[in-house]
Structures are given as structure tokens and as C-alpha cells.
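1. Could you work out the structure for the sequence below:
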Amino acid sequence: MSESNAKSMSIIVTKGSLDWAYPPMILGTTAAAMGVDVSMFFTFYGLPLLKKELDLKLTTLGNPAMEMPMMGGHMAMPNIMAALPGATAGATIMMKNMMKKKGVASIEELRELAVEADIELIACQMTMDLFEYNIDEMIDGVTLGGAATYMERALKSDINLFI
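-> Numbering: from 1, shown residues only. Okay, here's the model as predicted:
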């Protein structure tokens with residue numbers, strides 16, 4: 001860890017959709033690249049982001065801020081559209097294609113960076129038990145922990161984020 005940035009950061013990751021996976025992954029990997037000691041605690045719906053096999057979808061319903069660049073402008077998706085069969089899948093494909101075209105790293109790539117950067121990836125034991133996940137379903141490098149594990153990290157951290 002760099003002496004000039006001898007700081008630490010903890011992130012609670014609570015959401016596992018495509019659009020909600022990016023903020024903690026980008027902030028965590030960027031901080032680690034800047035010499036910050038990072039721990040990420042994955043709980044409830046954020047826990048599936050640690051699964052080996054990802055099938056992330058965009059959250060379109062109830063997201064009025066989601067505007068996609070189209071026809072020289074930006075178009076928002078009305079909530080009624082999100083309720084139609086196939087709308088979430090279509091929006092997810094559109095977003096993934098746009099990200100690929102713009103050179104945005106995938107969540108899988110960001111997870112690999114997190115592991116390479118020695119970010120501590122903590123899977124919430126209670127959530128593992130609650131949703132009947134097995135550690136074998138998770139990527140390599142994940143540790144198990146509970147609320148006390150998170151609190152130990154958070155109480156020593158300079159930066160604490162809840163995403």
C-alpha cells in the first residue's frame with residue numbers, strides 16, 4: 001500500500017443488478033489501484049455478484065432516471081414499458097452492447113481486477129444460509145463473514161460506503 005494513500009475503505013454491496021453492480025466495483029477497484037486497502041461486504045441481493053455464473057439484468061422498473069441515448073437525444077423508459085414481457089431483457093442487451101461499444105469493463109472483468117488487487121471480498125454468511133448458497137458457487141478468493149466481520153473493517157476504515 002502506498003504511504004501517501006495509506007487509507008482504508010469498506011463497501012457494503014446490497015444490490016446485484018447490472019446497473020447497481022458497477023458503482024461498488026468501480027469505486028473499489030479504483031481505490032485499490034490508488035493504494036487504498038479495500039474490503040467489500042456482499043449481502044442480500046448483492047451476494048449473487050460473487051457467484052461464478054452471472055446473469056445480470058438492468059433494473060428498468062421504477063427507474064425514472066434511466067435515459068438511453070437514442071436518435072440524437074435521450075429517451076427515458078416509462079414504467080409501463082418495463083412491465084411488458086421482454087422489456088428488461090431488451091434493455092439489458094441494449095445496455096451491455098452500449099457498454100461494450102464504449103469500452104466499459106464488464107462486471108466479470110472488474111471482479112477479476114478486484115481479486116488481483118487483493119480486495120477482500122466477503123460473502124455474508126447469513127445471506128449464504130438464508131438463500132441456500134454454497135461457497136462452491138462463488139468465485140475463488142471469497143471469504144465468509146457476518147455483520148461483526150463487516151463492523152471490524154468499518155470501524156477501522158477511513159471511508160465507508162453503502163451501495
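
2. Give me the pLDDT for Glu3.
-> For Glu3, the pLDDT comes out at 52.

3. Same question for the one 4 residues further on.
-> pLDDT recorded at Lys7 is 93.

4. now Met68
-> The model's pLDDT for Met68 equals 65.

5. ditto for the one 5 residues further on
-> The predicted local confidence for Gly73 comes out at a pLDDT of 73.

6. ok, now how distant is it from Leu58?
-> The gap separating Gly73 from Leu58 is 20 Å, by CB to CB, to the nearest Å. To be clear about C-beta, it is placed using only N, CA and C from the backbone, and glycine gets the same treatment.

7. which non-adjacent residue is nearest the most centrally placed residue in the chain?
-> Nearest residue to the geometric centre of the chain (CA atoms, centre = their mean): Ala21, 2.6 Å. Leaving aside its sequence neighbours, Ala21 sits nearest to Ile107 (CB to CB, 6 or more residues apart in numbering; 4.8 Å).

8. who's in contact with the one you found?
-> Ile107 sits next to Leu18, Ala21, Tyr22, Met25, Leu49, Leu54, Leu56 when contact means CB atoms under 8 Å, 6 or more residues apart in numbering.

9. just to revisit the earlier point, of Gly73 and Leu58, give the one with the bigger neighbour count.
-> Using other CB atoms under 10 Å as the criterion, Gly73 and Leu58 rank with Leu58 on top: 24 against 8.

10. what are the phi and psi angles of that one?
-> phi -80, psi 140 (degrees, to the nearest 10).

11. Please name the spatially closest residue to it (chain neighbours excluded).
-> Distance criterion CB to CB, 6+ apart; nearest residue to Leu58, sequence neighbours excluded, is Thr92 at 4.4 Å.

12. can you tell me which helix or strand that neighbour belongs to?
-> Here Thr92, judged by DSSP states H and E, is contained in helix 87-101.

13. Which parts of this protein are helices?
-> 18-33, 79-82, 87-101, 107-116, 125-130, 147-156 (DSSP state H).

14. Which secondary structure element of the chain has the lowest mean pLDDT?
-> When the helices and strands of the chain are scored by mean pLDDT, DSSP states H and E, helix 79-82 comes last with a mean of 62.

15. what's the distance between the residue nearest to Ala21 and Met40?
-> 13 Å.

16. Low-confidence regions, this structure specifically.
-> 1-6, 61-66, 68, 70-71, 75-84 (pLDDT under 70).

17. rewinding a little: so can I have CSV of the contacts of Ile107 showing distance to Val115?
-> What follows is the contacts of Ile107, written out as CSV (distance: CB to CB, whole Å):
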residue, distance to Val115
Leu18, 20
Ala21, 15
Tyr22, 17
Met25, 12
Leu49, 13
Leu54, 14
Leu56, 18
